[in-house]
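Undergrad: starting from these lines, generate the structure:
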Amino acid sequence: MNIEIEEEKTPNFSYTLSVKFPSKETATMVCKTLKVDDNRNENSLVDYQVDETTLIIKISAKTVKLLRAVIFSTMEFLTLSIRTLRSFPIFEEEKN
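TA: Prediction:
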């Protein structure tokens, strides 16, 4: 008897985050920065897009535990990117 088991390769759980920035250029800069740490694998996927001044981050994973870990990691890098931008005067000017 020959038994074949086919595993589902697509992630089952997802989360979408939208972050509004002062300008499209700033959103694009953060998007490109986050794409450098691309942690795609067969168990999770992170997709970054910019729509006008909004950065859209779509995260999906096979398990809830993995989804939580990927969200945490992504938020850490997002926070670091925003803090870094805020240290430059040009970003401060955009806020006004």
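Undergrad: just the CA trace of the lengthiest helix in the chain, in CSV.
TA: The longest helix of the chain (DSSP state H) is helix 64-86. The C-alpha trace of helix 64-86 is given here as CSV (Å, rounded to 0.1, in the frame of the first residue of the first chain):
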residue,chain,number,x,y,z
VAL,A,64,-0.1,31.2,15.8
LYS,A,65,3.1,30.9,17.8
LEU,A,66,5.2,31.6,14.8
LEU,A,67,2.9,34.4,13.7
ARG,A,68,3.4,36.0,17.2
ALA,A,69,7.2,35.7,16.9
VAL,A,70,7.3,37.2,13.4
ILE,A,71,5.0,40.1,14.4
PHE,A,72,7.3,40.8,17.4
SER,A,73,10.4,40.8,15.3
THR,A,74,8.8,43.0,12.6
MET,A,75,7.6,45.5,15.3
GLU,A,76,11.1,45.6,16.8
PHE,A,77,12.6,46.6,13.4
LEU,A,78,9.8,49.0,12.6
THR,A,79,10.3,50.7,16.0
LEU,A,80,14.0,50.9,15.4
SER,A,81,13.5,52.4,11.9
ILE,A,82,11.1,55.1,13.3
ARG,A,83,13.4,56.0,16.1
THR,A,84,16.3,56.3,13.7
LEU,A,85,14.3,58.6,11.4
ARG,A,86,13.2,60.8,14.3
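Undergrad: need the mean per-residue confidence for it.
TA: Over the span of helix 64-86, the pLDDT mean works out to 93.
Undergrad: residue closest to the middle of this protein?
TA: Per Cα atoms, centre = their mean, the C-alpha nearest to the average position across the chain is that of residue 57, at 4.0 Å.
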